[in-house]
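A.B. asks: Take this sequence and fold it.
(one chain, ligands or ions: 1)
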Amino acid sequence: MLKIGITCYPTVGGSGIIATELGMLMAEQGHEIHFITSGLPFRLTEVSPKIYYHEVEVGHYPVFQYPPYDLALATKMAEVIDQEKLDILHVHYAMPHAICAMLARDMAEHEVKIVTTLHGTDITVLGIDHTFKKTIKHGIEESDAVTAVSKSLVNQTKEMLDIKKNISVIYNFVNEKEYFRRNLPGVKEKFGILPEDKVLIHISNFRKVKRVEDVIETFHKVEEKVQAKLVMVGDGPEYSNAMQFAKELGIADKVLFLGKQKNISDLLSISDLKLLLSEKESFGLVILEAMACQVPAIGTNVGGIPEVISHNETGYIVDPGDTETAAAYAVDILTNPSLQGELSSNALQVAREKFHSSRIVGQYLDTYKELLQ
Ligand code: GMT
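C.D. replies: Numbering: from 1, shown residues only. Reported below is the predicted structural model:
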């Protein structure tokens, strides 16, 4: 039985989901899990005697121009390492969590090993900002073990930050108890979707990198040939531009903007096709969530997406911005039930084999055990 500290961004986002689900699954196996975060991780739904939550509180003293969150986190990490005698402190995101963990390791008396998981935006966005380049590189090089969620992210990290240290690939996973296709009669109707409408779905935080306008443009080309609706889930900076764009194209009545939603697997269960047309994506957890619900996906040829979608087997890969090809593939899938059936069952099989939670959790546990030998 290991004692494991976990730090992640507790708000909505793939990295927070992975960190929390990982903690809950390891707790089920008898490990003791200590979440050290600024807020209760939003996916932490399980009540378990093996799961503890240590909140990082930042005092607001008038003398500080900016609240020192990073130092408060490092202090809390050091306290938990010593009080709970942690074996492992697993941080998700190098910035700033790996750096805080280094400081905590220095301050603590009890010996702990630091594992850092890279999720993407810390490298693809912050890594190119010179202010943080050295800090991120230091956090990675001084971690006892580093993992990344795709081969593409490993290569990108090594190249951009000139890192020689070994970074292992541990893919993302989904909680199979939550993500499976349900038979939900009546749900389509509740959203004003006709039973015969095909449903395309996009889920993201609507950042610029997600290219949500391409999703809408692709859908526009699809709905000219196929009776369909587009369900847009999530919220973020591009949300209102996306709504405006759908209006300009005259398809506002066919695009449902649902904002942030909790029951993603219910929405996936009424969907026929997932679109993720980002310009940067280290993995694309939403694709895997779709695959687990038997929804094939069309994704772009960037980052880790081609490691998640097998072209021609579980969906299709297109170049970023190529909405013409994306739409042509979508029409193929939506008008050919046997193709759709084949892609859907392949998607489920790959989600259950290559990305099965027990396999991935096992790989993280092996990483910890290797460090503790
Ligand atoms: O994509 C985002 O903006 C959110 C970010 C996060 O913190 O969750 O996602 C990153 O981590 C996910 C979990 O590993 C990956 O599935 C996403 O591909 C990755 N996003 C990017 O690389 C842009």
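A.B. asks: Could you check which residue of this protein lies nearest the ligand?
C.D. replies: Going by CB to the nearest ligand atom, the ligand is nearest to G120 of the chain, at 2.5 Å. Quick note: C-beta positions are derived from backbone N, CA and C, even for glycine.
A.B. asks: Phi first, then psi, for V318.
C.D. replies: Main-chain torsions, V318, degrees, to the nearest 10: phi -130, psi 160.
A.B. asks: Surely it touches Y329?
C.D. replies: Yes - V318 sits in contact with Y329 when judged by CB atoms under 8 Å, with a separation of 6.9 Å.
A.B. asks: Of these two, which one has the most company?
C.D. replies: Comparing V318 with Y329 by other CB atoms under 10 Å, the one with more neighbours is V318, at 23 against 20.
A.B. asks: Secondary structure class of the residue nearest to T11 when sequence neighbours are not counted, three-state.
C.D. replies: Spatially, and ignoring its direct neighbours in sequence, T11 is nearest to F42 (6.4 Å; CB to CB, 6 or more residues apart in numbering). Put simply, F42 is coil when judged by DSSP: H, G, I helix; E, B strand; the rest coil.
A.B. asks: Find the residues that touch each one of V318 and Y329.
C.D. replies: Shared contacts of V318 and Y329, defined by CB atoms under 8 Å, 6 or more residues apart in numbering, are found at I298.
A.B. asks: In contact with the residue nearest to T11, which residues are there?
C.D. replies: By CB under 8 Å, 6+ apart, F42 lies in contact with P10, T11, V12, G16, T20.
A.B. asks: I'd guess the fourth one is in a helix, am I close?
C.D. replies: The one in question is G16. Yes - according to three-state DSSP, the state of G16 is that of a helix.
A.B. asks: check contacts around it.
C.D. replies: G16 sits next to C8, Y9, P10, P41, F42, R43, H92 when contact means CB under 8 Å, 6+ apart.
A.B. asks: Swap in 6 Å and give it another go.
C.D. replies: G16 makes contacts with C8, Y9, P10, P41, as judged by CB atoms under 6 Å, 6 or more residues apart in numbering.
A.B. asks: so the first one touches I17, yeah?
C.D. replies: No - applying CB atoms under 6 Å as the test, C8 and I17 come out as separate, 8.9 Å apart.
A.B. asks: Tell me how many other residues surround the closest residue to the residue of the chain closest to the ligand other than its chain neighbours.
C.D. replies: Closest residue in space to G120, ignoring its immediate chain neighbours: S282 at 3.0 Å, by CB to CB, 6+ apart. Per other CB under 10 Å, the neighbour tally for S282 reads 29.
A.B. asks: I figured S282 hits L153, correct?
C.D. replies: Yes - with contact defined as CB under 6 Å, S282 and L153 form a contacting pair (4.3 Å).
A.B. asks: Show me the helices in the stretch 201-350 of the chain, by range?
C.D. replies: 212-223, 239-248, 264-269, 285-292, 305-308, 323-335, 337-353 (DSSP state H, counting those that start in this stretch).
A.B. asks: quick one: which of those is nearest N166?
C.D. replies: Between N166 and those, the tightest spacing by CB to CB is seen for helix 305-308, at 18.6 Å.
A.B. asks: after the one helix or strand in the chain whose mean pLDDT sits lowest comes which helix or strand?
C.D. replies: The weakest-scoring helix or strand in the chain, judged by mean pLDDT, DSSP states H and E, is helix 121-124 (a mean of 74). The helix or strand immediately downstream of helix 121-124 is helix 130-141, counting by DSSP states H and E.
A.B. asks: Give me the distance from that following helix to the chain's centre.
C.D. replies: With CA atoms, centre = their mean, to the nearest Å as the basis, helix 130-141 stands 22 Å off its chain's centre.
A.B. asks: Any buried residues in it, and which?
C.D. replies: Burial within helix 130-141, assessed by neighbour count using 16 or more other CB atoms under 10 Å, is assigned to F132, T135, I136, K137, G139, I140.
A.B. asks: go on, stretch 180-193?
C.D. replies: For stretch 180-193, by 16+ other CB under 10 Å, it's F180, R181, K188, I193.
A.B. asks: Dump the residues you listed to JSON lines, plus pLDDT.
C.D. replies: Formatted as JSON lines, these follow (pLDDT from 0 to 100):
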{"residue": "F180", "pLDDT": "98"}
{"residue": "R181", "pLDDT": "97"}
{"residue": "K188", "pLDDT": "95"}
{"residue": "I193", "pLDDT": "97"}
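A.B. asks: Can I get those residues in JSON lines including distance to the ligand?
C.D. replies: Output for the buried residues of stretch 180-193, formatted as JSON lines (distance: CB to the nearest ligand atom, whole Å):
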{"residue": "F180", "distance to the ligand": "20"}
{"residue": "R181", "distance to the ligand": "21"}
{"residue": "K188", "distance to the ligand": "27"}
{"residue": "I193", "distance to the ligand": "27"}
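A.B. asks: Now for those: which two are most distant?
C.D. replies: F180 and I193 (20.8 Å).
A.B. asks: Show me the strands in the protein, by range?
C.D. replies: Assigned by DSSP state E, the strands in the chain fall at 3-7, 32-37, 51-55, 88-92, 113-118, 145-148, 167-169, 198-203, 228-233, 255-259, 273-276, 297-300, 315-318.
A.B. asks: Export those strands as TSV, with columns for distance to K369.
C.D. replies: Converted to TSV, the strands of the chain look like this (distance: least, CB to CB, whole Å):
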stretch	distance to K369
strand 3-7	11
strand 32-37	15
strand 51-55	20
strand 88-92	9
strand 113-118	10
strand 145-148	11
strand 167-169	14
strand 198-203	35
strand 228-233	38
strand 255-259	42
strand 273-276	34
strand 297-300	34
strand 315-318	35
